[in-house]
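Q: got a predicted structure plus its sequence, pasted below:
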Amino acid sequence: MSAQIIDGKQVSTEVRERVADEVAEFIAGGGHQPVLATVLVGDDPASHVYVANKLKACKAAGIGSVHHELPAETNQRDLITLVRALGDDDGIDGILVQLPPPDHIDADAVIAAINPAKDVDGLTATNAGLLAGGRPGLVPCTPAGVIELLDHAGTELEGAEAVIVGRSNLVGRPLISLLLGRNATVTAAHSRTRDLPAVCQRADVLVAAVGVPGLLGAEHVKPGATVIDVGINRTDDGLKGDVDFDQVVEVAGAITPVPGGVGPMTIAMLMANTLEAARARSLAKVWG
Ligand code: NDP
């Protein structure tokens with residue numbers, strides 16, 4: 001029997017509508033309009049499309065935005081100066097530096113300059129540490145979107161065996177903490193894992209965040225498992241996930257497609273994080 005398809009487009013629309021309602025309520029209750037600052041260095045066409053979509057999503061959610069576009073030859077010091085200034089600017093709630101920057105810029109150094117209270121991508125050491133410690137903070141958007149999709153699909157996480165393939169700071173590692181926080185039994189697999197099919201076969205919830213098209217096939221999936229495919233790989237046949245969809249759809253209980261699964265969730269969760277940052281900053285002003 002074919003798996004239930006988890007529709008990321010629909011869930012992301014619901015999240016974005018929910019955020020728009022909450023932004024309107026926040027403002028009606030005396031709050032300020034949340035504002036996201038985006039910073040884009042260079043002329044990578046894909047990055048330009050991503051940022052344009054983020055700015056469009058802000059508008060639709062009633063979130064203000066300020067966009068900084070810098071030439072490719074911008075030096076790291078000037079970029080860090082801008083990021084620090086945005087961190088000190090009371091009119092800005094969220095800072096998003098579109099990654100990756102040009103090769104001559106060290107992304108880690110730029111991330112380290114982001115004010116953690118405005119780190120809506122959840123990438124600073126402060127927010128990563130809070131998440132690893134099970135404490136409230138700003139959570140990276142893609143892993144947060146994965147949890148939203150699992151909840152939407154009605155997947156039981158408490159006590160479930162969850163296997164994440166991939167351990168990047170952007171996706172795999174934050175997901176370990178998020179799934180542990182939901183009381184799943186979590187295994188992180190990676191390029192050195194022995195017998196990947198056997199490890200994956202244990203999973204009630206299997207998340208692929210690898211970057212290798214079609215890596216996970218039917219032999220990796222326990223019948224009835226929920227499979228979340230974070231992979232976005234450009235191939236000659238178009239965008240492909242890390243999961244061989246045609247095989248796995250026949251084995252899994254529920255599965256996300258690529259495109260139209262995790263992809264649309266990232267921007268939706270960015271909007272949610274921007275509102276959360278605005279709320280937290282507004283509370284901090286009241287309570288000090
Ligand atoms: P990284 O390259 O940073 O990490 C990949 C991970 O996969 C590493 O932990 C690596 O292991 C592991 N890995 C690589 N090859 C294998 C293998 N053959 N078997 C098992 N594990 C392997 O990637 P990201 O986490 O940044 O991205 C992963 C995928 O998700 C990409 O396709 C990316 O495009 C997509 N993505 C999608 C997003 C979205 O939907 N909005 C956002 C972010 C990413 P090791 O640590 O041992 O090297």
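A: Arrived safely.

Q: only the buried residues of stretch 256-271, if you could.
A: 256-258, 260-271 (16 or more other C-beta atoms under 10 Å). Bear in mind the C-beta positions are built from the backbone N, C-alpha and C, glycine included.

Q: ugh, typo on my part, it should be stretch 76-89
A: For stretch 76-89, using 16+ other C-beta under 10 Å, the buried residues are Q76, L79, I80, L82, V83, L86, G87.

Q: if we can go back for a sec, restricted to helices, list the buried residues of stretch 256-271.
A: Among the buried residues of stretch 256-271, the residues falling in helices (DSSP state H) are G263, P264, M265, T266, I267, A268, M269, L270, M271.

Q: export these as JSON lines, with columns for pLDDT and distance to the ligand.
A: Shown next, in JSON lines, are these (pLDDT from 0 to 100; distance: C-beta to the nearest ligand atom, whole Å):
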{"residue": "G263", "pLDDT": "96", "distance to the ligand": "4"}
{"residue": "P264", "pLDDT": "97", "distance to the ligand": "8"}
{"residue": "M265", "pLDDT": "98", "distance to the ligand": "7"}
{"residue": "T266", "pLDDT": "97", "distance to the ligand": "4"}
{"residue": "I267", "pLDDT": "97", "distance to the ligand": "8"}
{"residue": "A268", "pLDDT": "98", "distance to the ligand": "10"}
{"residue": "M269", "pLDDT": "98", "distance to the ligand": "9"}
{"residue": "L270", "pLDDT": "98", "distance to the ligand": "10"}
{"residue": "M271", "pLDDT": "98", "distance to the ligand": "14"}
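
Q: closest one to A24 out of these, please.
A: M271 (12.9 Å; C-beta to C-beta).

Q: surely the closest one touches E14?
A: No. The pair formed by M271 and E14 falls short of the contact definition of C-beta atoms under 8 Å, at 12.0 Å.

Q: re the thing from before, let me know the closest of the ones in helices among the buried residues of stretch 256-271 to V19.
A: M271 (4.6 Å).

Q: buried set for stretch 281-288?
A: Within stretch 281-288, the residues scored as buried using 16+ other C-beta under 10 Å are R281, S282.

Q: residues contacting it, please?
A: With contact meaning C-beta atoms under 8 Å, 6 or more residues apart in numbering, stretch 281-288 is reached by G31, H32, D93, A117, K118.

Q: equivalent analysis for stretch 135-145, please.
A: Contacts for stretch 135-145 (C-beta under 8 Å, 6+ apart): 8, 12, 116, 119-123, 126-127, 130-131, 170-171, 174-175, 178, 230, 262, 265-270, 272-273, 276-277.

Q: who's in contact with D106?
A: Per C-beta under 8 Å, 6+ apart, neighbours of D106: Q76.

Q: distance check, it against V286.
A: 37 Å (C-beta to C-beta, to the nearest Å).
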